[in-house]
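1. how would this look folded up:
(one chain, ligands or ions: 2)
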Amino acid sequence: MESDADPVAPGGVSECMLRTVLDEHTDYICLVSGDGRIRWANAALTRLFGWPIDEIVGGDAFALIHPDDLERLRNAYAASLAHPGQRYAVEFRLRCKDSSWRMVESAGTNLLGDPSIGAIIVSTRDITDRKHAEAALAAQRDDLDRQLRYAQSLRRMSDAIASLEEPRAVLDMLVREMGETLRLDRCLLFDVDRERDLAAGVSQWLNQANPEAFSIISDYPLEVFRESWKHLWNTRTPIVSHADAMSEPLVKEGSAPYCHGELKIRSLLWHPFCFRVDGFFMIALNQVSSRRHWRPDEVVFVEAASTQVNLALQKRRIVAERTLVEEQLRQSQKMEAIGRLAGGIAHDFNNLLTAIIGYADLMKDKLPPDHPLHRHVDGILQVANRASATTHQLLSFSRQQVLKPKSIGLNGLVSKLESLLRRLIGENIELVVRLGHDVGRVRMDPGQLELALVNLAVNARDAMIAGGTLTMTTSVCAVDADGAARLRLAVGTYACIVVSDTGVGMDPETLRHLFEPFFTTKELGKGTGLGLSSVYGIVHAAGGGIHVESRLGKGSTFSVYLPLDLAGESTPSGGVQLIPARGGAETILMVEDDDTLRELLGEALIGRGYRVLAAHDGAQALRMASTSGHIDLVLSDVVMPQMNGPTLARELMRIHPGVRLLFMSGYTADAFVGDADLVNVPVITKPFSIDDLARTVREVIDGRARTAR
Ligand code: ADP
Ligand code: MG
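-> Ligands and ions are numbered 1, 2, ... in the order given. The predicted structure follows:
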């Protein structure tokens, strides 16, 4: 301190000292006179704001104030004039010499009335840095607050997803969480379905506090949003549009006036997710009463939430599919087990019935024609034949019945079926049968072909509850390379039966699963889902193919292609020619594991004059065959323990090449299928009558029997 050179003012402080103190002060201090001019300023004016003091002193006190803050400052000034001695404080922006703005806090006291001062003393502090720090802090707090809200929302969703059963409920939750967490006016979810050409409204959340947020959920034709969905589909990124800055796709497709005008949306964001082959979901965020800038972290949040939902839905779908597959497997295993059980029972019953019928036949033969017991024997035969019809039903259910393929005239079979079909489909459905010319013949089990056509007709009937037309057409048609690839057939000419209806038709999903066993859309108890799978089995077993065309509401057409039997001769129409059941003197090696049946068959054949070697299994039969000399016929059961009929037959053919074979069977066992060297062996189906047996044995020995397979 230079106290020596300075005149000391009363109180021990010199004026120079005071001036220095004021200039050293961190705040800008000035004196403003009553007319609003700056009378004096300290050096801080230059230090803080760059203004040379003499450029400011004498000038207007309001000259450096930001125009937007001016009014506030003038008010404070006026208030200060009105209340002398009172301090006022005000914040405003002040212009620096370099034209930048600083935020300042100014406090003043009106001492105009004090004769020793006569000015307003104003002290101004630069608070720009403090303000910036405060703003940054507030922004940070805001960010944290938002992140916390997002995290809580994501957490809530993942908790809820675990407990929500319905996919629909998960989507509703997503929409609600977006609406509440992002404080939207409206949030919607659409299912954009390209196949149906529709953006179907799935869910909507509205901000109840905002009366302007009215409901707009609806199904919108994709046509209207052609460019938007193309953008969403191709780029898989969101669309953002504002009433004052409309997005390009919306402008291009012309939907902008609708969205921003009619629907009064100020700002929107469309986020696509959950992409599948033919569409995707889209979540739509709307701000109605105010413009909204979509922050990057908000977009990230929407993405995270929808990804979470997408994963949940996918997981659910996979689980559902797996459950379905397991259920189908369980079902088919069950049906197979039931089938095997039914087949086994039927097999045993066939043996019993064959014996019953056989003994009754023998008894009948031995009774004098006028014997009163004839009536009773006929009764036994009638009941036994009825019982054998039941075993055949069981076998057909287990799909183990013996196939008896023969040459069938297609037109003949269809016209024979016509009256049955007419009764089957009822009166409100018209049946039109169109038989083509020279349709030719096919080679398969006629019972099976009838069953297939009946199944198709029954399905058609079920599809036409309210009536309609069922058309059955036969023709010969050429299958070209395309058709052959589709039907997995060889190129060529086929016999074709087309069954079409005018019923409800099928959607693509049904078409995909149509032939699967147990696939049915009918209510519990109405459908088994086995109809078409057996049609499929029958047609394919005959070397044919099947093609379906159908659309929802447009009816269905099933085209069955069957290989033509070019060698097949027509059976005379006058019914089956019965060859009298003659006997003979030849040697028959008979193999049957069922004791009763073996005894009966032996007795019956011996009764017709044959020499019979009876074996109870394959091993015994082989021993007999190697020691017994010439054998005219081997009559063998198919299903036997240890060695089955086919294996035995192959062994015997080695010992006696060219020996004649005849199988007796109630069902086709697996061992029988695909046996190329045995396809020509005839089969007599159990149960059979002694007459049937005698006739078939004779035919086979004489070389007249037509093969059964
Ligand atoms: P089921 O008739 O017992 O349901 P099917 O195997 O015969 O079993 O048929 C499977 C499903 O295929 C049916 O439930 C039905 O949905 C559909 N379907 C079959 N034929 C037709 C048809 N002519 N019109 C419409 N749908 C059909
Ligand atoms: Mg059916």
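2. thinking Val299 is in contact with Ile283, fair?
-> No: the criterion here is Cβ atoms under 8 Å, and Val299 misses it with Ile283 at 11.3 Å. Where C-beta positions appear, they are placed from N, C-alpha and C, glycine not excepted.
3. more neighbours: those two, which one.
-> For Val299 versus Ile283, neighbours defined as other Cβ atoms under 10 Å are more numerous around Ile283 (26 against 16).
4. tell me the pLDDT of that one.
-> Predicted confidence (pLDDT) for Ile283: 97.
5. now the common contact residues for Val299 and Ile283.
-> Here Val299 and Ile283 have His271 as joint contacts, going by Cβ atoms under 8 Å, 6 or more residues apart in numbering.
6. tell me the phi and psi of whichever residue of the chain sits closest to ligand 2?
-> With Cβ to the ion as the measure, Gly531 is the residue of the chain nearest to ligand 2, at 2.8 Å. The phi and psi torsions at Gly531 (degrees, to the nearest 10) take the values phi -60, psi -60.
7. cool, and Leu431?
-> phi -110, psi 120.
8. isn't it up against Glu418?
-> Yes: between Leu431 and Glu418 there is a contact under Cβ under 8 Å: 7.2 Å.
9. looking at those two, which has the bigger crowd around it?
-> Set side by side, Leu431 and Glu418 show more neighbours around Leu431, with 18 against 13, by other Cβ under 10 Å.
10. that older thread, nearest residue to the residue of the chain closest to ligand 2 in space, please, no chain neighbours.
-> Closest residue in space to Gly531, ignoring its immediate chain neighbours: Asn455 at 4.3 Å, by Cβ to Cβ, 6 or more residues apart in numbering.
11. which residues sit in contact with the one you found?
-> If you count contacts by Cβ under 8 Å, 6+ apart, Asn455 has them with Gly531, Leu532, Ser534, Val535.
12. burial check on the closest residue to Ala567 other than its chain neighbours, number of neighbours?
-> Spatial nearest neighbour of Ala567, excluding adjacent residues (Cβ to Cβ, 6+ apart): Ser407 at 8.0 Å. Neighbour count for Ser407, taken as other Cβ under 10 Å: 18.
13. Asn42 versus the residue of the stretch 551-700 of the chain found nearest ligand 1, what's the distance?
-> Closest residue of the stretch 551-700 of the chain to ligand 1, Cβ to the nearest ligand atom: Ser556 (3.9 Å). Look at Ser556 and Asn42: by Cβ to Cβ, to the nearest Å, they are 99 Å apart.
14. swap in Leu566?
-> Distance from Leu566 to Asn42, by Cβ to Cβ: 122 Å.
15. and the two? Which one has more around it.
-> Neighbour count, other Cβ under 10 Å: between Leu566 and Asn42, Asn42 has more, with 20 against 10.
16. phi, psi for that one please.
-> Backbone geometry at Asn42, expressed as degrees, to the nearest 10, gives phi -90, psi 170.
17. could you pull up the residues touching it?
-> Asn42 makes contact with Leu22, Asp23, His25, Tyr28, Ile29, Cys30, according to Cβ under 8 Å, 6+ apart.
18. these two touch, right, the residue nearest to Ala567 and Met444?
-> No: the pair Ser407 and Met444 fails to qualify as a contact (Cβ under 8 Å) at a distance of 9.1 Å.
19. which neighbours do the two share?
-> The contact sets of Ser407 and Met444 do not overlap (Cβ under 8 Å, 6+ apart).
20. for the stretch 101-250 of the chain, which residue gets nearest to ligand 1?
-> Nearest residue of the stretch 101-250 of the chain to ligand 1, counting by Cβ to the nearest ligand atom: Glu195, 19.5 Å away.
21. what's the local residue count around that residue?
-> By other Cβ under 10 Å, 9 other residues sit near Glu195.
22. partner residues bridging Asp193?
-> Note on Asp193: beta-bridge partners by DSSP bridges are Leu198, Gly279.
23. got a list of what it touches?
-> Per Cβ under 8 Å, 6+ apart, neighbours of Asp193: Ala199, Ala200, Asp278, Gly279.
24. neighbour-wise, which one of these leads?
-> Of those, with other Cβ under 10 Å as the count, Ala199 tops at 25 neighbours.
25. and the helix or strand hosting Ala457, how far out from the chain middle?
-> Assigned by DSSP states H and E, Ala457 falls within helix 446-462. Offset of helix 446-462 from its chain centre (Cα atoms, centre = their mean, to the nearest Å): 30 Å.
26. is it positioned near ligand 2?
-> Yes: Helix 446-462 comes into contact with ligand 2 (Cβ under 5 Å from the ion), by way of Asn459.
27. and that helix, anywhere near ligand 1?
-> Yes: Helix 446-462 lies within reach of ligand 1 by Cβ under 6 Å from any ligand atom, at Asn455, Asn459, Ala460.
28. give the rounded mean pLDDT of that helix.
-> Helix 446-462 shows a mean pLDDT of 88 in the predicted model.
29. past that helix, which element shows up next along the chain?
-> Downstream of helix 446-462, the first helix or strand assigned by DSSP H and E is strand 468-479.
30. report whether that next one contacts ligand 1.
-> No: counting by Cβ under 6 Å from any ligand atom, ligand 1 has no neighbours in strand 468-479; the shortest distance is 9.0 Å.
31. C-alpha coordinates for stretch 413-420, CSV please?
-> Presented in CSV, the C-alpha positions along stretch 413-420 are these (Å, rounded to 0.1, in the frame of the first residue of the first chain):
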residue,chain,number,x,y,z
LEU,A,413,-66.5,-98.0,-60.2
VAL,A,414,-67.5,-94.4,-60.1
SER,A,415,-71.0,-95.1,-61.4
LYS,A,416,-71.4,-97.9,-59.0
LEU,A,417,-70.5,-95.6,-56.2
GLU,A,418,-72.9,-92.8,-57.4
SER,A,419,-76.0,-93.9,-55.4
LEU,A,420,-74.0,-94.4,-52.3
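32. and that stretch, how far from the chain's centre?
-> Centroid separation for stretch 413-420 versus its chain: 40 Å, with Cα atoms, centre = their mean.
33. how about that stretch: buried residues?
-> Neighbour-count burial for stretch 413-420 flags Leu413, Val414, Leu417 (criterion: 16 or more other Cβ atoms under 10 Å).
34. what would those residues look like in JSON lines with pLDDT and distance to ligand 2?
-> Shown next, in JSON lines, are those (pLDDT from 0 to 100; distance: Cβ to the ion, whole Å):
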{"residue": "Leu413", "pLDDT": "92", "distance to ligand 2": "20"}
{"residue": "Val414", "pLDDT": "93", "distance to ligand 2": "19"}
{"residue": "Leu417", "pLDDT": "87", "distance to ligand 2": "17"}
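35. out of those, name the ones that lie in helices.
-> In helices, judged by DSSP state H, the following of the buried residues of stretch 413-420 are found: Leu413, Val414, Leu417.
36. hang on, the earlier thing: isn't the residue of the stretch 551-700 of the chain closest to ligand 1 up against Val498?
-> No: counting by Cβ under 8 Å, Val498 is not a contact partner of Ser556; they are 10.9 Å apart.
37. picking that back up, the residue of the chain closest to ligand 2 touches Asn459, doesn't it?
-> Yes: counting by Cβ under 8 Å, Gly531 does reach Asn459; the two are 6.0 Å apart.
38. was I right about His374 contacting Lys364?
-> Yes: look at His374 against Lys364 with Cβ under 8 Å: they come within range, at 6.9 Å.
39. so which of these two has more stuff around it?
-> Neighbour count, other Cβ under 10 Å: between His374 and Lys364, Lys364 has more, with 17 against 14.
40. and stretch 157-174, end to end?
-> Using Cα to Cα, to the nearest Å, the end-to-end distance of stretch 157-174 comes out at 7 Å.
41. could I get the average pLDDT for that stretch?
-> Mean pLDDT, stretch 157-174: 86.
42. buried stuff in that stretch?
-> Neighbour counts over stretch 157-174 (16+ other Cβ under 10 Å) mark Met157, Ala160, Ile161, Leu164, Val170, Leu171, Asp172, Met173, Leu174 as buried.
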